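Participant: Turn this into a model:
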Amino acid sequence: MVQRFNPAVLTVGIIGGSIVGCTLAAELARLGCRVRLFERSGEALKDRGAGIGVPESVMATFATQGLIDASLPHFPAPAFLRIWKTPAAPRFGRLAWTQPAKLAALNWGALYRNLRARVPPGVYQIRQQVVALTESVPGEVLLDFADGHQEAFDLVICADGYASLGRQTLFPEVQLNYAGYVLWRGSLPEAALDESPPLEVGIRAVGYPGGHGIFYFVPGADDSVRPGDRLVNWGVYVQIPAAELPAFMTDREGRRHEASLPPGMMPPATERALKDRLAQHFPDYYTRILETSEQTYAYAIFDCQVPAYRRGRICLAGDAGAYARPHTGAGALKGIADAVALGKALAEAGDLEEALGRWDAERTAANNELVRFGNQLGEAFVTRIPDWSTMDAAAMEAWFSAAVTIPSEYLLARA
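Facilitator: Numbers count the residues shown, from 1 in each chain. Purely as a prediction, here's the structure:
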């Protein structure tokens, strides 16, 4: 009989309390690990009404595994509708291609609350900022906290996002690569729309010279999916040269941000320039959504690959590891997949080293490939986007197949 490793002997520290951290905590606690999660914020994470798209098959798998409620509010998104403004279609744009998809559009906050509810009581520690981590003694990882205290663990997993302290510690040579554009985001209550039918089915993807924008419904306040209660979630990719990025990322109070402008902090002149710039290219219906939205925000698009997902007893998960551009729609998905895969490896391996080694190889390969997929999508839909106004569905499909050579189905199967 093969002797299995017992994960219950492990003390595990998790850095970061967002979606990935909560999934890790829930999965590892289920195995019996003694888990503590450290979130530097002192309050509940804000969802901003932001939407995400998750493959329906993956949603079903996560529900079966007990990670999310089967009743998690969402809308089916069976297609991307690729649209371009033309003189003959100034209000809604010309539909160039209905690109099949099998996605569920949901609110980021609803997914987070589902996962947060599965973290056992006492595990989630707020106002705990980790400032350093070291494995000076083999098999023991020491965490240093901002308040001066230290704690030791058998295993530490860094789920601390794209600017990860864990990644900087393990791989200081890895740098984030600026893609040359930003994602400008916002949301709008459905009640503010002139009409709702244009957004009822699928995800509207509006192309223009220099980028594209996406528009779709997500559940509104209290996760309501009733017509009239929904939110329009939108995001537009806009090219900003690297030399102009510091000025763009300077907020209305004159403070410079490295990578993002929080809601309400974008200078009025910057927001006005974005709205005016896009009004020249977007159909009138979508231009009005941008014009009416308030408290918009933006973040710069970066990416990076990593040589590994662990060194010794320190691991990376989610965006703390390989960081893919958001075109993939897999930011939260790949982090959840990292957590599920780690739990599976620990449950099945003969010892800890075997588990971590198998998990490391699998996640490094899968997520670095996801980065390459995101880069292809970025070139196709932003930096080298063609004029869709003269293309029919066949031409669009041929263009996409030539531009994006890594099939998303392959990636999702590995996530």
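
Participant: Show the contacting residues for Gly42.
Facilitator: Counting by C-beta atoms under 8 Å, 6 or more residues apart in numbering, Gly42 touches 126-127. Where C-beta positions appear, they are placed from N, C-alpha and C, glycine not excepted.

Participant: ok so Arg82 is a strand residue?
Facilitator: Yes: counting by DSSP: H, G, I helix; E, B strand; the rest coil, Arg82 is located in a strand.

Participant: Pretty sure Arg94 is one of the things it touches, is it not?
Facilitator: No: applying C-beta atoms under 8 Å, one finds Arg82 not in contact with Arg94, separated by 9.6 Å.

Participant: Same drill for those two, tell me which one is more crowded.
Facilitator: Arg82 (24 against 18; other C-beta atoms under 10 Å).

Participant: Helices along this structure, start to end?
Facilitator: Under the criterion DSSP state H, the chain contains helices at 19-30, 56-64, 108-116, 165-170, 245-248, 268-279, 284-292, 331-348, 352-378, 393-403, 408-414.

Participant: measure Gln239 to Val20 for me?
Facilitator: For Gln239, the distance to Val20 equals 29 Å [C-beta to C-beta, to the nearest Å].

Participant: Comparing the two, which residue is more hemmed in?
Facilitator: The neighbour comparison of Gln239 against Val20 (other C-beta under 10 Å) goes to Val20, with 29 against 14.

Participant: re earlier: which of the helices of the chain is buried the deepest?
Facilitator: When you average the neighbours per residue for each of those (mean count of other C-beta atoms under 10 Å), helix 19-30 leads with a mean of 26.

Participant: Not counting that one itself, show me its contacts.
Facilitator: Residues from elsewhere that reach helix 19-30, judged by C-beta under 8 Å, 6+ apart: 7, 10, 12, 14-15, 35, 37, 39, 67, 108, 111-112, 115-116, 118-120, 123-124, 157, 159, 317-320, 332, 335-336, 338-340, 342-343, 346.

Participant: and the direction of it versus that of helix 108-116, what angle?
Facilitator: Interaxial angle, helix 19-30 versus helix 108-116 (axes from the mean of the first three to the mean of the last three C-alpha atoms, to 10 degrees): 20 degrees.

Participant: next one: helix 19-30 to chain centre, how far?
Facilitator: 17 Å (C-alpha atoms, centre = their mean, to the nearest Å).

Participant: and the angle from that helix to helix 331-348?
Facilitator: In terms of direction (the same axes, to 10 degrees), helix 19-30 departs from helix 331-348 by 20 degrees.
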